[in-house]
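Visitor: Quick one, structure for this:
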Amino acid sequence: MISKRNRTSSEYIGYGLYLYFLGLSLRNVVKALSYLLTVKRSHVSIWKWIQKFHYQRKSSTKKKQVSEYIVDETMLKVGSEFIWLWIAIEPENRQILAQNITKERNMLVAERFMSDLVKIHGKRPVSTDGGTWYPMACQFLKLKHHIHSSYEKSLIERKMQYIKDRTECFDDYFPCRKKNCKLKHVRNWLNLFVNRHNEEMIYA
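Guide: Numbers count the residues shown, from 1 in each chain. Next up, the predicted model:
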């Protein structure tokens, strides 16, 4: 008799990744999922989900046809401190092209963020708000820069608010008890969020 393999739905896999990237250990993720799944999964299974996610994310990082970059930054709370979340979107499909978190906001950080963006998607015009750190960064990278039009402003503001609404599900608070935290768990959570968000935009 051939046994039928019980596949875990993408919904539960996504929830497992979400819990892990929030800071839970593999074994604690297993405990949390045991209340939802009829067939229990081992911590090895969770580890394989994580490796597959990282592989898929790396494979999906490829050059897209992009007319321009709409860039902005906003503040998020992590534990007892505040960080800056940098986002770049494209206007056609409104997908998130890049995201990063930093503890500072200045021209050097903006230049580094857009430099990484250019390495993947090439040189494109950049639309930003009136932040003084953007024009110099664009000039250094030889990118055309302009202030948001009303349409571009509405696109990026809606995207930022969408992200904030999702993080407010846990009170804009990424649980972390580590001293001098390197924010790895926050980066992982945001990578997962962006990956799922872009998948949804494809079928929207």
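Visitor: CA only for contacts and neighbour counts going forward, please
Guide: Will do.
Visitor: Check what pLDDT Lys63 gets.
Guide: Here the pLDDT value assigned to Lys63 is 55.
Visitor: What segments of the chain are helices?
Guide: Here the chain has its helices, by DSSP state H, at 10-21, 26-33, 43-60, 107-121, 133-141, 150-167, 184-202.
Visitor: Tabulate those helices (a markdown table), appending distance to Thr74 and mean neighbour count.
Guide: Output for those, formatted as a markdown table (distance: least, Cα to Cα, whole Å; neighbours: other Cα atoms under 10 Å):
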| stretch | distance to Thr74 | mean neighbour count |
| --- | --- | --- |
| helix 10-21 | 21 | 17 |
| helix 26-33 | 30 | 18 |
| helix 43-60 | 24 | 14 |
| helix 107-121 | 13 | 17 |
| helix 133-141 | 14 | 18 |
| helix 150-167 | 7 | 15 |
| helix 184-202 | 14 | 16 |
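Visitor: looking at these, which has the lowest confidence?
Guide: The minimum mean pLDDT among the helices of the chain belongs to helix 43-60 (a mean of 62).
Visitor: per-domain residue ranges of this protein.
Guide: 10-60, 69-182 (automatic domain parsing).
Visitor: Apart from its neighbours in sequence, what residue is nearest Ser42?
Guide: Distance criterion Cα to Cα, 6 or more residues apart in numbering; nearest residue to Ser42, sequence neighbours excluded, is Val30 at 6.4 Å.
Visitor: I figured the one you found hits Trp47, correct?
Guide: No - in this structure Val30 lies outside contact range of Trp47 using Cα atoms under 8 Å: 10.5 Å.
Visitor: tally of neighbours for Glu68?
Guide: 20 (other Cα atoms under 10 Å).
Visitor: What separation do you get for it and Tyr151?
Guide: Separation of Glu68 from Tyr151 (Cα to Cα, to the nearest Å): 13 Å.
Visitor: Check Val66 too.
Guide: Distance from Val66 to Tyr151, by Cα to Cα: 17 Å.
Visitor: can you check Lys159 too?
Guide: In terms of Cα to Cα, Lys159 sits 13 Å off from Tyr151.
Visitor: Ser45 too?
Guide: 45 Å.
Visitor: and if you look at Asn188?
Guide: 31 Å.
Visitor: what's the answer for Ile96, then?
Guide: Ile96 sits 17 Å away from Tyr151, going by Cα to Cα.
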